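1. okay, sequence plus prediction incoming.
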Amino acid sequence: MINEEGLKREIGLWGLIANAVNITIGAGIFILPALVAEKLGTGSIWSYFVCGTLMILIMLCFAETGARVTRSGGAYSYIEDAFGKFAGFLTTNLFIFGAAVTANAAVANGLADTLAWFFPFLKMPLVRILFFAIIFGGLAYFNVKGVKQAIIIVKFNTIAKLTPLLLIGLFGWFFISKSNVSFISVKSMPDFGEMTLLLLFAFTGAESALNVGGEIKNPGRIIPRGIMLSMLTVVIIYVLIQITVQGILGESIIKFRDAPLAEAARQMIGPAGAILVLIGASFSMFGNLSGMVLSMPRVLFAAARDNVIPLKSLAGVHKAFKTPHVSVIAYASLGFIFASAGEFRQLAMLSSASYLMIYLGVVLSVIKFRQNRISEPGSFRIPGGYIIPVLSAIAIIWVLSNLPANELTAMAIFVILLAILYFIISFIQKKTSKP
């Protein structure tokens, strides 16, 4: 079925779930258990439950707005519908530059570093650049060819990355020492807040799967089910991994902060286990890239379609494949350029803060739509009135308050610069449109 945007609706429930899980579960879970246990000790599992609960509240807001606004663009389309083009412009740029491209560049470099364990020549700069060209070029090719082919790649990567995680999470129980796991011991609240902040960053990404809203079958029904099932899947996997890895390694977990899962697998089944986890980490990072190159170009497409950014060509749809090919190529090219320029670890916190700002915009969109009594007949609606949106907004503000002062300052400067750019573009457009 072709939608009003000229795109095919070919993504079903399992395609949406696979994409959301694929984007969310990245390389972080392969090192997070050690970082969390180091700060919170044997009671670190509670931080996972808190983060999971907060993200489920936020995803409920995405489910309601996603069921109401069913065109491509995800959070951008929700916020632009609720608050106008200025808010849409900020969201687009926060998504693309603040949250996505720099994060993808870091993941691509992490993938190259991981594969260098097997292929040392990937440490050579020119070979590394060629590797990035192949990765982003290949992903762009498959996404231009059609969303169905892209979703097949996403599903394969999801299975490949989850296999070693599930093996550890399920069979690791036979190697756990009960004294290494406690549901009682929790350290200071500042440490708990800091780890909640870190873990919440690891939970981000599922909402990006909604950027292909214009290509989802029966979005009013599939989006709420898909986004909630994907988040529950992520929470269960994270909790299983934390319990088993911490239960196997105990206090020695801090000695393996770079690869705690690989060490846990080594203790379970020997060197082959460590290799399996490293391969899984590679698929995890590649899966994250494939999911983002599928989802994020739809934000560019939607923004250009709505004249929020002054590049109408980005709204082009391929005549044969019915995909937003110009946006796909543009986004993949940005990913290649940023990845080739080097690692962007210093922008990691800015990327995470950008996600939180976008989350806040979506939560406020739910409130705005309800105040305006805007809803589609039969569409999903969060129970409990304004309780969940308000709790979500409070939770986001609390998490943002745990950001270092310099990161908050950087975030504010970034938003101010975007605002200035928007008004300059608007001024130029008004001048050129006058006879």
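-> That came through fine.

2. where exactly do the strands run in the stretch 251-400 of the chain?
-> Read by DSSP state E, counting those that start in this stretch, the stretch 251-400 of the chain holds no strands at all.

3. what residues are up against Thr91?
-> By CB atoms under 8 Å, 6 or more residues apart in numbering, the contact set of Thr91 is Ala75, Tyr76, Ile79, Glu80, Ile358, Gly361. The C-beta positions use only the backbone N, C-alpha and C, and glycine is treated the same way.

4. with pLDDT added, can I get these in TSV?
-> Below are the contacts of Thr91 laid out as TSV (pLDDT from 0 to 100):
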residue	pLDDT
Ala75	81
Tyr76	78
Ile79	90
Glu80	87
Ile358	90
Gly361	93
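
5. relative to Phe118, which of the residues you listed is nearest.
-> Using CB to CB, Ile358 comes nearest to Phe118 of those, at 36.1 Å.

6. look up the closest residue to that closest one, ignoring the ones flanking it.
-> Closest residue to Ile358 apart from its sequence neighbours, by CB to CB, 6 or more residues apart in numbering: Ala75 at 5.1 Å.

7. find the pair from the contacts of Thr91 with maximum spatial separation.
-> Farthest pair in the contacts of Thr91 (CB to CB) is Glu80 and Ile358. Separation: 11.9 Å.

8. after the one helix or strand Ile159 maps to, next one along is what?
-> Under the criterion of DSSP states H and E, Ile159 resides in helix 147-171. As assigned by DSSP H and E, the chain's next helix or strand after helix 147-171 is helix 189-203.

9. list the buried residues for that next one?
-> For helix 189-203, the neighbour count (16 or more other CB atoms under 10 Å) marks Asp191, Phe192, Gly193, Met195, Thr196, Leu197, Leu198, Leu199, Leu200, Phe201, Ala202, Phe203 as buried.

10. quick one, helices of the stretch 1-150 of the chain?
-> Along the stretch 1-150 of the chain, the segments classed as helices by DSSP state H, counting those that start in this stretch run 13-24, 32-40, 45-68, 75-83, 85-93, 102-115, 125-145, 147-171.

11. coming back round to it: right, and the residue nearest to Ile358 touches Ile96 too?
-> No - look at Ala75 against Ile96 with CB atoms under 8 Å: they stay out of range, at 11.8 Å.

12. so the two - more neighbours on which side?
-> Ala75 (28 against 22; other CB atoms under 10 Å).

13. Gly110 and Asn288: what is the separation?
-> Distance from Gly110 to Asn288, counting by CB to CB, to the nearest Å: 9 Å.

14. my bad, Leu278
-> From Leu278 to Asn288 the distance is 16 Å (CB to CB).

15. between those two, which one's more packed in?
-> Asn288 (26 against 19).

16. how close does that one sit to Pro125?
-> Taking CB to CB, one finds Asn288 at 23 Å from Pro125.

17. who's in contact with Glu263?
-> Leu249, Phe256, Ala274.

18. now Trp173
-> Applying CB under 8 Å, 6+ apart to Trp173 gives the contacts Thr244, Gly247.

19. likewise Ile269?
-> Per CB under 8 Å, 6+ apart, neighbours of Ile269: none.

20. against Leu35, how distant is it?
-> Note on Ile269: its distance to Leu35, by CB to CB, is 24 Å.

21. then Leu200?
-> Distance, Leu200 to Leu35, by CB to CB: 13 Å.

22. Val366 contacts Leu391, doesn't it?
-> No - Val366 is not in contact with Leu391 according to CB under 8 Å; the separation is 11.6 Å.

23. ok, back up a step: can I get the contacts of Thr91 in CSV including distance to Ser282?
-> Listed next are the contacts of Thr91 as CSV, based on distance: CB to CB, whole Å:
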residue, distance to Ser282
Ala75, 29
Tyr76, 31
Ile79, 35
Glu80, 37
Ile358, 28
Gly361, 34
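
24. what comes up buried for stretch 111-121?
-> Leu111, Ala112, Thr114, Leu115, Ala116.

25. what about it, start to end distance?
-> Distance across stretch 111-121, first residue to last, is 14 Å (CA to CA, to the nearest Å).

26. do the same with stretch 288-302
-> Length of stretch 288-302, first residue to last, CA to CA: 22 Å.

27. for the lengthiest helix in the chain, give the mean pLDDT please.
-> Counting by DSSP state H, the longest helix found in the chain is helix 219-249. Averaging pLDDT along helix 219-249 gives 83.

28. and stretch 394-411, by the same measure?
-> Mean pLDDT, computed over stretch 394-411, is 82.

29. the residue nearest in space to the middle of the chain: what's it in contact with?
-> Residue closest to the mean C-alpha point of the chain, counted by CA atoms, centre = their mean, is Gly205 at 1.7 Å. Gly205 is in contact with Ala20, Ile23, Thr24, Gly26, Asn288, Gly291, counting by CB under 8 Å, 6+ apart.

30. swap the cut-off to 7 Å and go again
-> Applying CB atoms under 7 Å, 6 or more residues apart in numbering to Gly205 gives the contacts Ile23, Thr24.

31. any idea of the pLDDT on it?
-> For Gly205, the predicted pLDDT is 74.

32. what's the answer for Ser72, then?
-> For Ser72, pLDDT reads 65.

33. same check on Ile416?
-> Value for Ile416, per-residue pLDDT: 91.
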